[in-house]
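Q: Sequence isn't available, so here's the structure alone:
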C-alpha cells in the first residue's frame, strides 16, 4: 500500500472512526484502524465487535493495499504533522509516514487479525434527518443505566412504526421518551420495528449526526443496525433482551400541576443540593398553594431551605427527589417556564413537552 492523503482529510477520517477503539481491549486489533484502498478512495474501518464505523475519503493511491495500524499512536501523529500532503506506505510490518521533512515508522499488525465485517442483507431502510436523531439522543440517552442495572437498561430503545421514530431510555429511577416524525417523502412502516442499542453506540451516532446536514438512511436486519451517512457508516449490534413496557408508567391524564421558572428551580436545586451526601441524596419539596419550599436536613452537616414562587393549586404535598436527576432533566428543556405533574408521594413526577416526556421517581423517605 502506498498513497498520498491530505492531512486534514486523514485527521477527520480518523476522528470519525476512533470511537470503537477507545474501549480497553485484550485483542490489539480492536484498538486499531484498518486502512484499505478502493479505486481513488481510502477507507478507514474500526470495530469493537458491537460497534463498527467506516468512513472513506479521497486520495492519490500509488499502490493499492491495506494496513492495520494501532489507532492511538496513529491519530496522535497525524494531528501533529504539518498541514499538507502526507505519504503513507506499508513496508513489511511497518507504516512509513512522511510529511515534508518529518518521517515516522510505526509497527503494524497482520490485517487478517481484523474481524470480518458482515455485509447488510435483506434490510428494511428508512430515510431520516440527522438533526432529528441527534436531538432525540440528547433528550434521552442520559437516562440510560450505567451500573447495577439490568443490561437492557444500559441502552436506548428505538421504536419505529407508521411515520414516527421514538427513543426511550431509563435506569429504573428516571425515564425519557422522545418521538419525531419521518421526513415527508418517507413511506410509513406498517409493522413495528424495535431494537436496543448500547449507550456507547448511541453516543457515537449522536457525535456523527451532529456534523451532518444531509438526510441519512437507517437500515435494519436481523443481526445489525446500519446508519448510512454516505461517506461514513455505523454498523451496530443491538442488545438482546426485552425492554420494559414503559408506556404503562406514563400517565395519560394530568396530575396536580406545578408551574415554575426553570432557572429559579435549577438554581435552588443546586444550592440546597450542596448539603446532600452519598448516604443522604434526597432533597424534599413541600408544595402548597402557589409556593414550593425546597429543603434539606443532613445529620452532622446542617440544613438548608429556600422558598420558590410557583403556580400550584393542588393539595399540599411533601415529596423527595434526587436533585441531580432533576437538574439533568432541566438542562434539556429550552423553555423558561416548565410545568410538572405530581400524582402523590409514591408516583413519578412527569414533565411533558411536545413529543417528549420525562418521568422521575421520588425517593423513599
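A: Received, thanks. Keep in mind it's a predicted model, so treat the numbers as computed, not measured.
Q: Leaving out the residues flanking it, which one is nearest to residue 186?
A: Distances taken as Cβ to Cβ, 6 or more residues apart in numbering put residue 127 closest to residue 186, at 4.6 Å, once the chain neighbours are dropped. Bear in mind the C-beta positions are built from the backbone N, C-alpha and C, glycine included.
Q: And that neighbour, how far from residue 273?
A: Remark: distance between residue 127 and residue 273 (Cβ to Cβ, to the nearest Å) = 43 Å.
Q: Kindly report the same for residue 199.
A: Distance from residue 199 to residue 273, counting by Cβ to Cβ: 25 Å.
Q: Of the two, give the one with the bigger neighbour count.
A: Using other Cβ atoms under 10 Å, the more surrounded residue of residue 199 and residue 273 is residue 199, with 22 against 19.
Q: residues touching that one, list them.
A: When contacts are counted by Cβ atoms under 8 Å, 6 or more residues apart in numbering, residue 199 touches 141, 144, 146, 154-156, 169.
Q: As JSON lines, those with secondary structure would be great.
A: Output for the contacts of residue 199, formatted as JSON lines (DSSP: H, G, I helix; E, B strand; the rest coil):
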{"residue": "141", "secondary structure": "helix"}
{"residue": "144", "secondary structure": "coil"}
{"residue": "146", "secondary structure": "coil"}
{"residue": "154", "secondary structure": "helix"}
{"residue": "155", "secondary structure": "strand"}
{"residue": "156", "secondary structure": "strand"}
{"residue": "169", "secondary structure": "strand"}
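Q: Sketch out the low-pLDDT regions of this structure for me.
A: Scanning the chain for pLDDT under 70 picks out 119-123, 147-149, 365.
Q: Show me how the record splits it into domains.
A: What the record gives for the chain is the domain set 2-113, 124-245, 250-360, from automatic domain parsing.
Q: How far away from the center of its chain is the second one?
A: A distance of 9 Å separates the C-alpha centroid of domain 124-245 from that of its chain, computed with Cα atoms, centre = their mean, to the nearest Å.
Q: So which residues of the stretch 201-350 of the chain form strands?
A: If DSSP state E, counting those that start in this stretch is used as the criterion, the strands of the stretch 201-350 of the chain fall at 216-220, 225-228, 232-236, 256-261, 283-288, 291-298, 302-309, 311-312, 317-321, 337-342, 349-353.
Q: Pick the most buried one from these.
A: Counting by mean count of other Cβ atoms under 10 Å, strand 232-236 has the highest mean neighbour count of these, with a mean of 23.
Q: Check which helices and strands that one sits against.
A: Secondary-structure packing of strand 232-236 (3 or more Cβ pairs under 8 Å, 6 or more residues apart in numbering; DSSP states H and E): strand 51-58, helix 199-209, strand 225-228.
Q: Tell me which of the ones you listed sits nearest to residue 7.
A: Between residue 7 and the helices and strands packed on strand 232-236, the tightest spacing by Cβ to Cβ is seen for strand 51-58, at 11.6 Å.
Q: Now do the buried residues in that closest one.
A: By neighbour count on 16 or more other Cβ atoms under 10 Å, the buried set for strand 51-58 is 51-57.
Q: No further questions, thank you.
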